[in-house]
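Visitor: build me a model from this:
(2 chains)
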Amino acid sequence: MGPEPAGGASDGPSHALERVEPLLLIAVGGFVGAALRHTLAVALPAAAFPWGTLAANVLGSFALGLLLYENRLAGALSAETRLVVGTGFLSSFTTYSTFAVETTTLAPPLAVANVAANYALGFAAVLCGRWVARVIA
Amino acid sequence: MVDPTLLVGAGGVLGALARHLLGERIDTRTADTLAVNVLGSFVLGVLVSVPVDESVLLVFGTGFCGAFTTFSTFAFETVRLYESGERRRAVFNGVVNLVGALAAVGLGWFVAATLA
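Guide: This is a model prediction of the structure:
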């Protein structure tokens, strides 16, 4: 699982490991992301408005913006980190399907507010993430 | 019953792997993200419209569909498109994900009602 030694051997077993390892990282990220989204939704007080999904989508968009712009600006994070955190954790932590189903269950004014809040705050969160990445880069 | 968080997490593993194996990537080609969001919304639309056990809903609804679809990648790709000058594509991407996902939820409900 650790970093390959310089000029590391690319024989059979290690090649197989290289194929399986990304899946393992995504699986771990997927477990933690979905579990944390559920925990967040349960922890927030029950209300007519789906705050849990909104919070997960905005927080996750901020973190993905930070992660991917950090990679472009400084490149301090490894490919494995981006895979486990980006493709695994954050993509599972945030959700479009729950957002869509919840929107259909709301009264029209709240449904419009839900879409507007997720979109506006989600896009703004990506830009905030990039801003933080620039500051720390 | 098993701890709900574990059920959701187990579904999340399947959802994240399925999304990855279907070839979804975080870049400015947005068709893959649109595909997982519409497909996952359809499945969730079916699941919430049929009488299923609470644990099934946690694993396959909150866990699998929730993790299979993604908002963060969608938001990142849309912002990237807009900033790279492809503003019409960015707006189109935002609209088509929303319309596609809402229509898919409706279709899922319709399919569930028809089959029931």
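
Visitor: switch to C-alpha atoms for all contacts and neighbour counts from now on
Guide: Noted.

Visitor: point out the residues in chain A that sit beside chain B.
Guide: Taking C-alpha under 8 Å from any C-alpha of the partner chain as the criterion, the neighbours of chain B within chain A are A:23, A:26-36, A:38-39, A:57-58, A:60-62, A:64-65, A:87-88, A:90-98, A:100-101, A:104, A:119, A:122-123, A:126-127.

Visitor: are any of those buried, and which?
Guide: With burial judged by 16 or more other C-alpha atoms under 10 Å in any protein chain shown, the buried subset of these is A:23, A:26-36, A:38, A:57-58, A:60-62, A:64-65, A:87-88, A:90-98, A:100-101, A:104, A:119, A:122-123, A:126-127.

Visitor: so for the residue lying closest to B:Gly9 once chain neighbours are set aside, what's the pLDDT?
Guide: Excluding its sequence neighbours, the residue lying closest to B:Gly9 (C-alpha to C-alpha, 6 or more residues apart in numbering or on different chains) is A:Phe31, at 4.1 Å. Turning to A:Phe31, the model gives it a pLDDT of 98.

Visitor: please apply the same query to A:Ala6.
Guide: Confidence at A:Ala6, expressed as pLDDT, is 44.

Visitor: A:Ala48: neighbour count?
Guide: The criterion is other C-alpha atoms under 10 Å in any protein chain shown. On that basis, A:Ala48 has 10 neighbouring residues.

Visitor: check which helix or strand covers the residue lying farthest from the centre of chain B.
Guide: Each residue of chain B has a distance to the centre, and by C-alpha atoms, centre = their mean the biggest one is for B:Gly85: 26.9 Å. Counting by DSSP states H and E, B:Gly85 is held by no secondary-structure element, helix or strand.

Visitor: please report how far A:Ala63 lies from B:Arg19.
Guide: Distance of A:Ala63 to B:Arg19, computed by C-alpha to C-alpha, to the nearest Å: 19 Å.

Visitor: oh, that last question was meant for A:Arg134, not what I typed.
Guide: Distance, A:Arg134 to B:Arg19, by C-alpha to C-alpha: 30 Å.

Visitor: which one's more surrounded, those two?
Guide: Comparing A:Arg134 with B:Arg19 by neighbour count (other C-alpha under 10 Å), the higher total belongs to B:Arg19, at 28 against 15.

Visitor: show the pLDDT at that one.
Guide: Here the pLDDT value assigned to B:Arg19 is 95.

Visitor: which ones are touching it?
Guide: Listed by C-alpha atoms under 8 Å, 6 or more residues apart in numbering or on different chains, the contact set of B:Arg19 reads B:Val36, B:Phe68, B:Thr69.
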